[in-house]
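Enquirer: Fold the stuff below for me.
(chains A and B)
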There are 2 protein chains.
Amino acid sequence: MNRPYSLGHSPHGETAMALLQAALAAVEPGRAVHRYVRREGDRLTVANQDYDLAAIERVWVVGSGKAATAMAAALYTILGERLTGGLVVTKYGHADPRLATGPVEVVEGGHPLPDEAGLAGTQRLVQLLAQAQEHDLVFVVLSGGGSALLTLPAEGLSLADLQRTTDLLLRSGATIGELNAVRKHLSQVKGGELARRAGQAEVVGLILSDVVGDPLDTIASGPTAPDPTTFADAWSVLERYGLTGQVPGAVRARLQAGLRGEVPETPKPGAALFDRVQNVIVGSNRQAAEAAVETARGWGYHALLLSTFVEGEARQVARVAAALAKELVHYHRPVPRPACLVWGGETTVTVSGHGLGGRNQELALAAALAMDGLPDVLLIAVGTDGTDGPTDAAGAVATGETVARARAMGLDAAAYLADNNAYPFFDQLGDLLRTGPTGTNVNDLLFLLAG
Amino acid sequence: MNRPYSLGHSPHGETAMALLQAALAAVEPGRAVHRYVRREGDRLTVANQDYDLAAIERVWVVGSGKAATAMAAALYTILGERLTGGLVVTKYGHADPRLATGPVEVVEGGHPLPDEAGLAGTQRLVQLLAQAQEHDLVFVVLSGGGSALLTLPAEGLSLADLQRTTDLLLRSGATIGELNAVRKHLSQVKGGELARRAGQAEVVGLILSDVVGDPLDTIASGPTAPDPTTFADAWSVLERYGLTGQVPGAVRARLQAGLRGEVPETPKPGAALFDRVQNVIVGSNRQAAEAAVETARGWGYHALLLSTFVEGEARQVARVAAALAKELVHYHRPVPRPACLVWGGETTVTVSGHGLGGRNQELALAAALAMDGLPDVLLIAVGTDGTDGPTDAAGAVATGETVARARAMGLDAAAYLADNNAYPFFDQLGDLLRTGPTGTNVNDLLFLLAG
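Expert: From the prediction side, this is the model:
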């Protein structure tokens, strides 16, 4: 990855880049799978649970997401000839070359908008899963993008029906939780339905989390997780936003049939089928952040992981980060220097300007303004997938000199922030972080280093 | 102070109240002065500097601010008959009864808007100060409100001229730094001018800071601190906002005279007069936060002071606090439990609703929403002066049960937040913190406790 210009001005620059590399390496999809899935002969250990391959007839791998084929490839490495077959739906261009040969089929489909190719792939995946029986083991690999790619509308519904319903809810300001309550009740695979389709087989969900807090029922819309929401919840969401008359007739009919008990509910928490299901978060923001902290400690920094749950408006979250920077510089708290604070999560940007940027770049720009003049401190804000907003950068670097360096070039940092225009600001300074696509996605990271 | 209802539901409730009391006690104005001013016979020690009372002819106390008379009273206790005289300008109703007798006169004036009484008091204060000579020692006690109360326009200017200029700048969106650059150049006492008026006497500024970061040149407009800004800076602020033609003629004339060098600049950093000046921050957010952390450690909590520089939009800062709470509860980080995180600073609220509240109450409400359902965690957000916004509360308490308790009472927490209406929300829950006026002001504190 590139070395931003201002790193050369800071004694912490190289450390920051090493931390980022350590964090990304910890959540590389293959490594994430290998961390939790180990095999010694016939003994297969997944997290804390053992599976006896001698007693297992067939092993399947299904799943979806941008990193899903890399995860399936790791399973193929571990299981070799014991892998019976499978199918993974991934985004166009995201197939792992290691699956070009072997028993796992790869289907490419549309993301973020689902398309007919993804739907056809999901149909084939479901047909394959119908072969799974008692004494079989089914791995379900899931990662970011898995919800759009694993798409199979409930009987009688079309992709267009789902899309129209999602659009109406988003435009009404529905929360992601409300949106999911509706979508799970219009699908044959979301909300635990995929686990149900594995019949009497044992199911192991291996999940690379791109949702803050790692909620199993939300990541990829929870194909292997119990669904706490009901048809009644889904219907009241439509009522809340006055959409019961606006959604397609087939959607309305489906939900009303559900309310009348004419179609089965999604599997609920405590359902017997989940006795056969183990879900494991193999990689998440937590692992990435922990790897950064451990690496920093190895380099002699006093390192602290503050949170992996950080959310909020990027420019405001930046001010809290700057407040931490000031305390580090002025009072050597909360840890002595050299200090490294790490947090993770995912911020949002309420766009009011007309510029180009991403949430991490905007955070870095707001932090640069709040840290103006502060000596010997460096902040990096970065998206772990390598793509921050609609730009080719993963994030940016901010120091106490950023604003002055910009001023010397005739750039007004405050004006760029006001226009949501962080990308050209940092591009001109040479302070964009460009990692290229990383092949993983566990939200965002922030590192704060002080000498 | 009152015990909010939800404290009874949390094992941390009593701890939180004890922390708050410890924090407030540490910045009680008298205690703050006693911490830094000690006397043994003729040896008077202020911070690290010794003064020989046997070699000092007269000791004066002047100053301004809401806590200034309590600070002056502490000096009277220490100096007794060695105190020659003095004058302190405070807000109506804020005179300390211990000064009713003794050599220090108290004048009450207008705050937050300066009035003629404060101006007359400042005039008398300046006349008194003119008596100070070599071998004299002048204490200047300053606290929040000191800028409005210590008011003496430059020659030829009226209070109305100053007020009009301030109004124009505020309405134009000028920053506090820009505002101060102008005001200091229109005053006979701000921006180091008061220290200059002490002539050849030694000056000790004792300062209770109500400004985040404790900048000496900003607290009470820096009467005893070097002023880094110039007449040229002041003039370019007016130019920047297109106000050179709108400010009163006398203001324009004063600044132009300054530009031509016809009136002296404010004393600058490095000026010889500051060799005779020692400024000491006797109390600030830092001391209050440190006292809370030490108290928490004494109670067996793993306590960490994260920052004393927290600023930003209250409801967004709250989300970062909630992110810390989630990490504490789920992963026991950044410290093991029982855990206590402390931060300080001062948030702001951009009002869009029509409700009643204050920045700390709004922060607590937003945090309650973000922490909804989180077990065994308690957050307190409180203004150290006991007054949060235009309410009789100092702040509020939030836990993971707050939103559910409110729902059971028919209260929609999100709707109250949307209307900036935190006061009635917490009032109905019985979760307002009412300390009454505390007699001090060192911004705001936030405590986060998890078991």
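Enquirer: all contacts plus neighbour counts: C-alpha atoms, from now on.
Expert: Noted.
Enquirer: Grab the longest helix from chain A for me.
Expert: Longest helix in chain A, counting residues (DSSP state H): helix A:314-331.
Enquirer: Flag every residue of the stretch 251-400 of chain A that's near chain B.
Expert: Listed as neighbours of chain B in the stretch 251-400 of chain A under the rule Cα under 8 Å from any Cα of the partner chain: A:304-313, A:316-317, A:319-320, A:323-324, A:326-327, A:333-334.
Enquirer: and those, which are buried?
Expert: A:304-313, A:316-317, A:319-320, A:323-324, A:326-327, A:333-334 (16 or more other Cα atoms under 10 Å in any protein chain shown).
Enquirer: Now do the phi/psi pair for A:A398.
Expert: Backbone torsions of A:A398, given as degrees, to the nearest 10, read phi -130, psi 140.
Enquirer: What about it, how many residues nearby?
Expert: 28 (other Cα atoms under 10 Å in any protein chain shown).
Enquirer: Likewise for A:V27?
Expert: Number of residues near A:V27 (other Cα under 10 Å) recorded here: 29.
Enquirer: And A:H354, by the same measure?
Expert: 11.
Enquirer: So it versus chain B, what's the distance?
Expert: Distance, A:H354 to chain B, by Cα to the nearest Cα, to the nearest Å: 22 Å.
Enquirer: I figured that residue was touching A:A422, is that so?
Expert: No: with contact defined as Cα atoms under 8 Å, A:H354 does not reach A:A422; the gap is 10.8 Å.
Enquirer: For the residue nearest in space to the middle of chain A, grab phi and psi.
Expert: For chain A, A:D210 is the residue whose C-alpha lies nearest the centre (Cα atoms, centre = their mean; 1.4 Å). As for A:D210, its main-chain torsions (degrees, to the nearest 10) stand at phi -110, psi 20.
Enquirer: SS state for the closest residue to it other than its chain neighbours?
Expert: Distance criterion Cα to Cα, 6 or more residues apart in numbering or on different chains; nearest residue to A:D210, sequence neighbours excluded, is A:V442 at 4.6 Å. Assigned with DSSP: H, G, I helix; E, B strand; the rest coil, A:V442 falls in the coil class.
Enquirer: Isn't A:H94 up against A:A67?
Expert: Yes: taking contacts as Cα under 8 Å, A:H94 lies within contact range of A:A67: 7.5 Å.
Enquirer: More neighbours: which of those two?
Expert: Shown here are A:H94 and A:A67; by other Cα under 10 Å, A:A67 has more neighbours (29 against 19).
Enquirer: For the one residue in the stretch 51-200 of chain A that gets nearest to chain B, give its distance to A:A25.
Expert: Chain B sits closest to A:T175 of the stretch 51-200 of chain A, with a gap of 12.8 Å, by Cα to the nearest Cα. To A:A25, A:T175 is 32 Å away according to Cα to Cα, to the nearest Å.
Enquirer: Tell me which of those two has more neighbours.
Expert: Taking neighbours as other Cα under 10 Å, A:T175 and A:A25 compare with A:A25 leading, 19 against 12.
Enquirer: and the more buried one, helix, strand or coil?
Expert: Taking three-state DSSP, the label given to A:A25 is helix.
Enquirer: contacting residues around it?
Expert: By Cα atoms under 8 Å, 6 or more residues apart in numbering or on different chains, A:A25 lies in contact with A:31, A:288.
Enquirer: Distance-wise, check it relative to A:D210.
Expert: For A:A25 relative to A:D210 (Cα to Cα), the value is 16 Å.
Enquirer: Same question for A:L273.
Expert: Separation of A:L273 from A:D210 (Cα to Cα) stands at 26 Å.
Enquirer: one step back: what's the angle between the longest helix of chain A and helix B:314-331?
Expert: Angle, helix A:314-331 to helix B:314-331, by axes from the mean of the first three to the mean of the last three Cα atoms, to 10 degrees: 70 degrees.
Enquirer: just checking, what packs against helix A:314-331?
Expert: strand A:339-348, helix A:359-370, strand A:444-450, strand B:302-313, helix B:314-331 (3 or more Cα pairs under 8 Å, 6 or more residues apart in numbering or on different chains; DSSP states H and E).
Enquirer: Could you rerun that using 6 Å?
Expert: Contacts defined by 3 or more Cα pairs under 6 Å, 6 or more residues apart in numbering or on different chains; DSSP states H and E place helix A:314-331 against helix A:359-370, strand B:302-313.
Enquirer: Make JSON lines out of these and add mean pLDDT and distance to A:S158.
Expert: Formatted as JSON lines, the helices and strands packed on helix A:314-331 follow (pLDDT from 0 to 100; distance: least, Cα to Cα, whole Å):
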{"stretch": "helix A:359-370", "mean pLDDT": "98", "distance to A:S158": "34"}
{"stretch": "strand B:302-313", "mean pLDDT": "97", "distance to A:S158": "44"}
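Enquirer: I'd like those written out as CSV, with distance to B:P11 added.
Expert: Listed next are the helices and strands packed on helix A:314-331 as CSV, based on distance: least, Cα to Cα, whole Å:
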stretch, distance to B:P11
helix A:359-370, 36
strand B:302-313, 15
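Enquirer: Hmm, A:A291 is touching A:L24, no?
Expert: No: judged on Cα atoms under 6 Å, A:A291 makes no contact with A:L24 at a distance of 8.6 Å.
Enquirer: returning to what we had before: which ones are touching the residue of the stretch 51-200 of chain A closest to chain B?
Expert: The contact partners of A:T175, by Cα atoms under 6 Å, 6 or more residues apart in numbering or on different chains, come to none.
Enquirer: A:T69 too?
Expert: Contact analysis of A:T69 by Cα under 6 Å, 6+ apart lists A:95-96.
Enquirer: Equivalent analysis for A:V282, please.
Expert: Contacts for A:V282 (Cα under 6 Å, 6+ apart) come out as A:32-33, A:207-208.
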